[in-house]
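J.: predicted model and sequence below, questions to follow.
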Amino acid sequence: IVRDHAAKTLRLHQQPYVTKMLETYNMSGITPLFVPLRSVLTSEGEPLSADLHSQYPSLVGSLMHLANCTRPDISQAVSSLARFLKSPTSQHWQAALQLLRYLSGTLALGLLYSKGGENDGVFRGYCDANHGGDVATRRSTTGFVFVLHGAAVAWQSKLQPTVALSTTEAEYQAAGMAAREALW
């Protein structure tokens, strides 16, 4: 937590945590990526070795901690990786390592709350959905974020509970989930 009294800002970040994660998985100094997840994940592929199979849940859990606390930008990618905790494949492991490469290039990112200006005290919400984005179930993914004082205060990326028959229906479900969160 970094507070700047003069600028009236409060910055939340987990740079030391990300640096430690990169060291743990031998990713320090790796060439960064600038997209959290570059491919659609499926359940097909070669199962992980026993060693990597035990490391995968730990890595996804660490990423989930980041996504829940200070990094809403990786929420969708972590949500996708978490769907395969029971039977991860080499594709999932590579996607998790790609997410670490993204984090290596965005170490300084976090949440920056500021007082004053046009966003002072304005509560804004944004939501979106993809239609049938999950290849296996054809369910859509809902994503929303709520911003106050310039930074996110609530966010989520989650598969919708039912299959939407159209883009419009997927968007309505997303708006409903976001509205429930806003009311809460």
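T.: Received, thanks.

J.: and the most centrally placed residue in the chain, its phi and psi?
T.: The centre of the chain sits closest to residue 75, judged by CA atoms, centre = their mean, with a distance of 1.3 Å. Here is the backbone geometry of residue 75 (degrees, to the nearest 10): phi -60, psi -50.

J.: my guess is it contacts residue 157, does it?
T.: Yes: in this structure, residue 75 is within contact of residue 157 by CB atoms under 8 Å, at 4.2 Å. Backbone N, C-alpha and C define where each C-beta goes, glycine included.

J.: and for the two, which residues touch both?
T.: Common contact partners of residue 75 and residue 157 (CB atoms under 8 Å, 6 or more residues apart in numbering): residue 143.

J.: does residue 41 sit in a helix, a strand or a coil?
T.: Secondary structure for residue 41, judged by DSSP: H, G, I helix; E, B strand; the rest coil, is coil.

J.: and the pLDDT for it?
T.: We have a pLDDT of 86 for residue 41.

J.: give me the buried positions along the helix or strand hosting residue 60.
T.: Applying DSSP states H and E as the criterion places residue 60 in helix 50-69. Residues 55, 56, 59, 60, 62, 63, 64, 66, 67 are the ones in helix 50-69 that count as buried (16 or more other CB atoms under 10 Å).

J.: what are the contacting residues of it?
T.: Under the contact criterion CB under 8 Å, 6+ apart, helix 50-69 has outside partners 12, 14, 17-18, 21, 25, 47-48, 74-75, 77-79, 81-82, 85, 88, 92-93, 96, 99-100, 103.

J.: for stretch 19-33, same thing?
T.: With CB under 8 Å, 6+ apart as the test, stretch 19-33 has contacts from 59, 62, 97, 98, 100, 101, 102, 103, 104, 105, 106, 107.

J.: buried sites along it?
T.: Buried positions in stretch 19-33, judged by neighbour count with 16+ other CB under 10 Å: 21, 22, 25, 33.

J.: pLDDT (mean, whole number) over that stretch?
T.: Across stretch 19-33, the average pLDDT comes to 93.

J.: go ahead and measure how far that stretch is from the middle of the chain.
T.: Relative to the chain's own centre, stretch 19-33 is displaced by 18 Å; criterion: CA atoms, centre = their mean, to the nearest Å.
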